[in-house]
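Participant: 3D model of this:
(2 chains)
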There are 2 protein chains.
Amino acid sequence: MPELRKDPVSGRWVIISTERGKRPSDFSTPPKVREPKMCPFCPGSEHLTPPEIIAVRPDGSKPNNPGWVLRVISNKYPALKIEGDLNREGVGIFDKMNGVGAHEVIIETPHHHLDLVDLPPHEIEMVIDAYRMRMSDLRNDVRFRYVMLFKNQGEMAGASLEHAHSQLIATPIIPKRVLEELKGAETYYGYKERCIFCDIIRQELSDGCRIVGQNEEMVALEPFAPRFPFETWILPKKHLTHFDKSPDKVYAGLASILKETLLKLKLALNDPPYNYIIHSSPLVDGSERDYHWHVEIFPKLTKIAGFEWGTGFYINPTPPEAAADYLNEIDVDAALRTANASV
Amino acid sequence: MPELRKDPVSGRWVIISTERGKRPSDFSTPPKVREPKMCPFCPGSEHLTPPEIIAVRPDGSKPNNPGWVLRVISNKYPALKIEGDLNREGVGIFDKMNGVGAHEVIIETPHHHLDLVDLPPHEIEMVIDAYRMRMSDLRNDVRFRYVMLFKNQGEMAGASLEHAHSQLIATPIIPKRVLEELKGAETYYGYKERCIFCDIIRQELSDGCRIVGQNEEMVALEPFAPRFPFETWILPKKHLTHFDKSPDKVYAGLASILKETLLKLKLALNDPPYNYIIHSSPLVDGSERDYHWHVEIFPKLTKIAGFEWGTGFYINPTPPEAAADYLNEIDVDAALRTANASV
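Facilitator: Model prediction:
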């Protein structure tokens, strides 16, 4: 069973893999590039993965067989394990508990050589719908307080398999970084009686200099104080606290702006590795009023060094206004026409 | 002038380089490996760097000429600029100020092909003494509230030049990550009337399972809840709040244990890139009682991915007890004898 351990000074939790601990030599082995034949996420390899939790099978094919267009499975090497109780425990001045949680993989497409950005909007919407369904379902497990949805694209961004996939981890504690945002939003609400994200969106739409895209439902922008060059946020224009409780048209809007934004980043930055995460309100808590779910995208362009680790603040070599200009120079429609013509 | 900008939700500050903003194409250029002839940190290239702030010149040679064994200069491309006032300012709901601060480079040796770990302990002590002198001097500038000393070793750890060097950044704000530790230590002190670091050291020395080295003055250990595999902390055994106000024998003890620890990590992990940082009390504040300075070393073995960015907690594949076992298997004395024999 993995362990959740708390640093007694900073209060930061870490997940320690106690079972298959990596030895020193394990770190110098470069990751394998897998051929489609060897890829456990390709159709025909369903027996190599844990059984599917949900799948989209337009042809009515049987579970754990080919025929799917999207598949959600448990992670074969989970950071947290689904069985068991927390067993909170002290070890002298230290605190730990069992690493209980869910760790799932959303296989976004059966096609080994397509990335999320290459999928048509209705297929991206299917991926988003899988996110929603899984978050909604995990809400029923009273042990969990948070569900984090994220995507690692490219080896430098931490992906260990190249076949397009996202991941989900459900945790028994609300993560520190989310707590910071919740607290900031709550303080602002207490002071102004307005959502801070709604105020940011209002000011950004009025300024315009950091906006990189919008549609009826959603807006994409470079935040005022981005940690990383070309860090991009996507937010619903309306005040929505929980990702999985949004109106349907919001998911359609998200699919369309996510594709457009990822395409802009891909074209401007030569197909960079990236991470994105979805920040939503905790599953159960009192923050229904204050928080505003959103997506944060981080292209992996710079290396995090000692100063960042030591201080927790970041040196960003590209002002967000300049990043917005570069992204807005990209002719997405032309790129989409070319892409569609070549399919 | 760089800008310090605050994220209105999380309260996180970032440094935005507004002057020489990096363009998209700047990120895809791989860093150059410099020959000693082209290296601005090598003797004979003093004209390529800003003038030295301090230097150790046993031969009495003139400033900014060869003859030095250690040299401290301003960073030629500083993240923060030394001139000017803060000019705190609001931009609608956003906050910013001028990026005022100091950014210095400590060139640890004139020899291009030596790393810090290769230096004899008395030369490492000289580097540490330079850290102490610079922190002590910057204490006199009332604009600064914190000095962060750090080292990036290897390109993957963010070093842009291979010649052995450390850096220092003085900031007008206390960094978030330091604040978290200060707050944790203060809370614990308020509850127990004891320093939390002193209590950790007591428990670790008694347990023994995470200790990787010690001498009269210092102890090196794998922390209970490490973010990264083989993360290692070095702490003075006695309660010392400010790095630059420690007794002389502590610096000698630090030099010796730092060399030993870096050597163990180098041998166990095949010369990994790494960062280390020195966490000390803020220059001026009320935490004289609670905090305990220390060094945190992070070998760069894993990639930080979406989950870590999104949650702020870390998945560590090597339990610290196992890491301690691996490091304690290294015969440092034998390695030192071999190293000395080959010099």
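
Participant: now do the helices in chain A.
Facilitator: Along chain A, counting by DSSP state H, helices occupy A:121-138, A:176-192, A:196-207, A:248-268, A:306-311, A:320-329, A:332-342.

Participant: show the pLDDT at A:Asn340.
Facilitator: What the model reports for A:Asn340 is a pLDDT of 68.

Participant: A:Ile54 pairs with what?
Facilitator: A:Val72 (DSSP bridges).

Participant: go on, A:Ile106?
Facilitator: Here A:Ile106, judged by DSSP bridges, has bridge partners A:Val72, A:Ser166.

Participant: burial of it, as a residue count?
Facilitator: Using other CB atoms under 10 Å in any protein chain shown, A:Ile106 has 22 neighbouring residues. (Glycine included, C-beta is placed from N, CA and C.)

Participant: now A:Leu114
Facilitator: 15.

Participant: any idea how far it lies from chain B?
Facilitator: Between A:Leu114 and chain B the distance is 20 Å, computed by CB to the nearest CB, to the nearest Å.

Participant: is chain B within reach of stretch A:201-209?
Facilitator: Yes - applying CB under 8 Å from any CB of the partner chain, one finds stretch A:201-209 touching chain B at A:203, A:207.

Participant: just the mean pLDDT for that stretch, thanks.
Facilitator: 97.

Participant: list the buried residues of that stretch.
Facilitator: By neighbour count with 16 or more other CB atoms under 10 Å in any protein chain shown, stretch A:201-209 contains the buried residues A:201, A:203-204.

Participant: dump the helices of chain A into CSV; add distance to A:Arg145 as well.
Facilitator: Shown next, in CSV, are these (distance: least, CB to CB, whole Å):
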stretch, distance to A:Arg145
helix A:121-138, 10
helix A:176-192, 10
helix A:196-207, 21
helix A:248-268, 24
helix A:306-311, 27
helix A:320-329, 32
helix A:332-342, 38
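
Participant: let me know which of these is tucked in deepest.
Facilitator: Between the helices of chain A, helix A:306-311 has the highest mean count of neighbours, a mean of 24, where neighbours are mean count of other CB atoms under 10 Å in any protein chain shown.

Participant: gap between that one and the chain center?
Facilitator: 24 Å (CA atoms, centre = their mean, to the nearest Å).

Participant: what of stretch A:119-129?
Facilitator: 15 Å.

Participant: and it, is it in reach of chain B?
Facilitator: No - against chain B, stretch A:119-129 shows no contacts by CB under 8 Å from any CB, the least distance being 14.8 Å.

Participant: could I have that stretch exported to PDB, CA atoms only?
Facilitator: C-alpha atoms of stretch A:119-129 as PDB (Å, rounded to 0.1, in the frame of the first residue of the first chain):
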ATOM      1  CA  LEU A 119      -9.300  14.900 -32.900                       C
ATOM      2  CA  PRO A 120     -12.400  16.600 -34.200                       C
ATOM      3  CA  PRO A 121     -14.300  18.700 -31.700                       C
ATOM      4  CA  HIS A 122     -17.000  16.100 -31.100                       C
ATOM      5  CA  GLU A 123     -14.400  13.500 -30.200                       C
ATOM      6  CA  ILE A 124     -12.700  15.900 -27.800                       C
ATOM      7  CA  GLU A 125     -16.200  16.500 -26.300                       C
ATOM      8  CA  MET A 126     -16.400  12.800 -25.800                       C
ATOM      9  CA  VAL A 127     -13.100  12.900 -23.800                       C
ATOM     10  CA  ILE A 128     -14.500  15.800 -21.700                       C
ATOM     11  CA  ASP A 129     -17.700  13.900 -21.200                       C
END
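
Participant: which residues are in contact with the residue nearest to A:Gly253 when sequence neighbours are not counted?
Facilitator: Excluding the flanking residues, the one nearest A:Gly253 by CB to CB, 6 or more residues apart in numbering or on different chains is A:Glu217, at 3.0 Å. A:Glu217 makes contact with A:236-238, A:249-250, A:252-254 under the criterion CB atoms under 8 Å, 6 or more residues apart in numbering or on different chains.

Participant: let's go with 6 Å and repeat that
Facilitator: Each residue near A:Glu217 by CB atoms under 6 Å, 6 or more residues apart in numbering or on different chains is listed here: A:249-250, A:253.

Participant: export these as a markdown table, with columns for pLDDT.
Facilitator: Output for those, formatted as a markdown table (pLDDT from 0 to 100):
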| residue | pLDDT |
| --- | --- |
| A:Lys249 | 97 |
| A:Val250 | 98 |
| A:Gly253 | 97 |
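
Participant: quick one: mean pLDDT over stretch A:233-242.
Facilitator: pLDDT averaged over stretch A:233-242 gives 97.

Participant: how far does that stretch stretch from start to finish?
Facilitator: 16 Å (CA to CA, to the nearest Å).

Participant: ditto for stretch A:202-222
Facilitator: Span of stretch A:202-222 from end to end, CA to CA: 14 Å.
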